[in-house]
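Novice: dropping the sequence and predicted coords here.
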There are 2 protein chains.
Amino acid sequence: MSRHIVIVGLGLIGGSLAKALRGFEGFDLIGLDVSQPTLRYAVEQDIVDRVETDPAHALAQGDLVLLCLHPQGIVDFMAQHRDHFKPGAMVSDVCGVKGAILEGARVLPDTVSFVGGHPMAGTEFSGIQHALSNMFHGAHYILTPNDQSSPEHLALMHRLARHIGCANVVETTPEQHDAIIAYTSQMMHIIAVSVCDDPCLFQYQGFEGDSFRSCTRVAALDVPLWTQLFSMNAGALCRALEQLEQHIHQYRLTIQSGDREALSARLATSAARKRKMNHLEELSGAVGRDRA
Amino acid sequence: MSRHIVIVGLGLIGGSLAKALRGFEGFDLIGLDVSQPTLRYAVEQDIVDRVETDPAHALAQGDLVLLCLHPQGIVDFMAQHRDHFKPGAMVSDVCGVKGAILEGARVLPDTVSFVGGHPMAGTEFSGIQHALSNMFHGAHYILTPNDQSSPEHLALMHRLARHIGCANVVETTPEQHDAIIAYTSQMMHIIAVSVCDDPCLFQYQGFEGDSFRSCTRVAALDVPLWTQLFSMNAGALCRALEQLEQHIHQYRLTIQSGDREALSARLATSAARKRKMNHLEELSGAVGRDRA
């Protein structure tokens, strides 16, 4: 009897996972979504073996369930369908925040195993039409196992990450994951939107160099998604932003003081940190394809 | 009798100007630099017609003098050599700040014309070895004429900008130029170094996405150059940074408040501004090649 993976939410990540999971340990792929055009596309393009619109019916077959909804959607889905998961099912998610998801997963019954997951990949697009089978090639797959996670489930997630082409799997705590994401990703998005809030944005348009375009590229973000990501990681994000505000403020004070030696010393320190970082990156040679 | 352009400083921009100015209205190109290897390279690669090491001797021949040193170097050079410029000479610079340069140009005698200039192009490299003949293709050339600028000189600068491939020439005030540069370029560099000042930089290394790499790319900056650029544009830059600090702070307060509707509304406004900007950019179709 064949085993089934149920992918809940066939968006950019869910769709890419489906494409990348083809042939994984003989699992059949079932796609669950509320959008008829999405389901039709998934069938027409042979992205999954079968589609479902009824969560209870889909979950009853799910040996492995991958929750690929927006963060709040994942929390709500687990609460609403806690009793519909198949006993023995292994449940994971792909969400960019982990503390809030693991909190939400506490509603799940003892009969299922849960492992928080975050395959660190994406593009600025959304929707199954932009799904890529090689989306996860070279990416990090972060797992945040806890007392709800079975060893078999954890081992399966490692094999799954390898199958979809991830460069490595990192196990960490949800706190550590959320602090990393706050600094390396979420803060970049707050910077981008803050720069675009400047009243001069349109007045000075046409004079931007690459640094401006690079810094603000992610400002045209998916508002509902990022509202949830920021809100569900408020603690770590605000700590990172406070640091940033302080560092910018210190630069401003140094520039205002007119003390060129002090400014030069500060810049030398920061630039050396960046050069060291570039050097370490060259040594490691590992660069994922996360565009977000 | 042939006319001469003297390029003072054969670095990345001076060298690129020399390459791009080949054949411009029959001018001979004279390169002035303190570095023997640079001068040797310029001759060997046929980048200029002749090199000089003695400023007074070079300036005595200069019908058009292009100052391509670091900002403070330009101010110091004009003060030191005010009496060496050929009567009737036309003098311009290529510096990324204009107010401080025009202030410095006040030492020049009435017998020469000065027009402040900023061809908005560059790469993250420095030195004549990285000079490109097409460096200015599609770029903006900003001019800040004032009462020291002759009409003939201004007309010549327009023709020069066209010859080196600039997409357009914009005349503006030094105040306006410096405010534009503070926002569209200098602030991006302060953001980049400030992000790299975070104590977590190395701890979280390996988990950056493209947004992090894009935002921090320019942090490994040329410290002496940027110390001068920031210091000589302190007023405009600090006003831009103060705005940025306020916008980041407001985002932090909104996230901390837990008011998702307010956060969503703020993000929607910022993202719409960025989308409008992208749209206007597509319409205009003009993108320079400034990598800084």
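Specialist: That came in fine, so what should we check first?
Novice: what number of residues lie near residue A:127?
Specialist: Around residue A:127 sit 14 other residues, with neighbours defined as other Cβ atoms under 10 Å in any protein chain shown. Glycine gets a C-beta too; all of them are placed from N, C-alpha and C.
Novice: quick one, what contacts it?
Specialist: For residue A:127, the set of contacting residues under the criterion of Cβ atoms under 8 Å, 6 or more residues apart in numbering or on different chains consists of A:11-12, A:15, A:38.
Novice: what do you get for residue A:128?
Specialist: Under the criterion of Cβ under 8 Å, 6+ apart, the contact partners of residue A:128 comprise A:10-12, A:14-15, A:38, A:41-42, A:47.
Novice: among the residues you listed, which are in helices?
Specialist: By the criterion of DSSP state H, membership of those in helices covers A:12, A:14-15, A:38, A:41-42.
Novice: of those - the most surrounded one?
Specialist: Scoring the ones in helices among the contacts of residue A:128 on neighbours with other Cβ under 10 Å, the highest-scoring entry is residue A:15 at 30 neighbours.
Novice: would you confirm that that one contacts residue A:39?
Specialist: No. With contact defined as Cβ atoms under 8 Å, residue A:15 does not count as touching residue A:39 (11.1 Å).
Novice: which among the contacts of residue A:128 gets closest to residue A:283?
Specialist: Sorting the contacts of residue A:128 by distance to residue A:283 puts residue A:12 at the head of the list, at 31.8 Å, by Cβ to Cβ.
Novice: in the stretch 1-150 of chain A, what residue is nearest chain B?
Specialist: At 6.3 Å from chain B, residue A:140 is the closest residue in the stretch 1-150 of chain A, using Cβ to the nearest Cβ.
Novice: including pLDDT and distance to chain B, could the contacts of residue A:128 go into JSON lines?
Specialist: Shown next, in JSON lines, are the contacts of residue A:128 (pLDDT from 0 to 100; distance: Cβ to the nearest Cβ, whole Å):
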{"residue": "A:10", "pLDDT": "98", "distance to chain B": "23"}
{"residue": "A:11", "pLDDT": "97", "distance to chain B": "18"}
{"residue": "A:12", "pLDDT": "96", "distance to chain B": "14"}
{"residue": "A:14", "pLDDT": "98", "distance to chain B": "19"}
{"residue": "A:15", "pLDDT": "98", "distance to chain B": "19"}
{"residue": "A:38", "pLDDT": "98", "distance to chain B": "23"}
{"residue": "A:41", "pLDDT": "98", "distance to chain B": "25"}
{"residue": "A:42", "pLDDT": "98", "distance to chain B": "27"}
{"residue": "A:47", "pLDDT": "98", "distance to chain B": "25"}
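Novice: who in the stretch 1-150 of chain A is up against chain B?
Specialist: A:120, A:122, A:140, A:142 (Cβ under 8 Å from any Cβ of the partner chain).
Novice: swap the cut-off to 10 Å and go again
Specialist: Contacts of the stretch 1-150 of chain A with chain B, taken as Cβ under 10 Å from any Cβ of the partner chain, map to A:72, A:118, A:120-124, A:139-140, A:142.
Novice: can you give me the helices for the stretch 1-150 of chain A?
Specialist: Counting by DSSP state H, counting those that start in this stretch, the segments of the stretch 1-150 of chain A that form helices are A:12-21, A:36-44, A:55-59, A:71-80, A:99-104.
Novice: tell me which of the ones you listed is the most buried.
Specialist: helix A:12-21 (a mean of 25; mean count of other Cβ atoms under 10 Å in any protein chain shown).
Novice: what residues are up against the residue lying closest to residue A:12 once chain neighbours are set aside?
Specialist: Of all residues beyond its chain neighbours, the one nearest residue A:12 is residue A:126 (5.0 Å), with distances taken as Cβ to Cβ, 6 or more residues apart in numbering or on different chains. Residue A:126 sits next to A:11-13, A:15, A:222, A:225 when contact means Cβ atoms under 10 Å, 6 or more residues apart in numbering or on different chains.
Novice: any chance of TSV for these, columns distance to residue A:165?
Specialist: Shown next, in TSV, are the contacts of residue A:126 (distance: Cβ to Cβ, whole Å):
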residue	distance to residue A:165
A:11	19
A:12	16
A:13	14
A:15	15
A:222	25
A:225	24
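Novice: ok, so of those residues, who is nearest residue A:280?
Specialist: Distance to residue A:280, by Cβ to Cβ, is smallest for residue A:13 among those, at 28.5 Å.
Novice: check the residue nearest the centre of chain A and give its pLDDT.
Specialist: The residue at the geometric middle of chain A, judged as the C-alpha nearest the mean C-alpha position with Cα atoms, centre = their mean, is residue A:96 (3.3 Å). The model reports residue A:96 with a pLDDT of 96.
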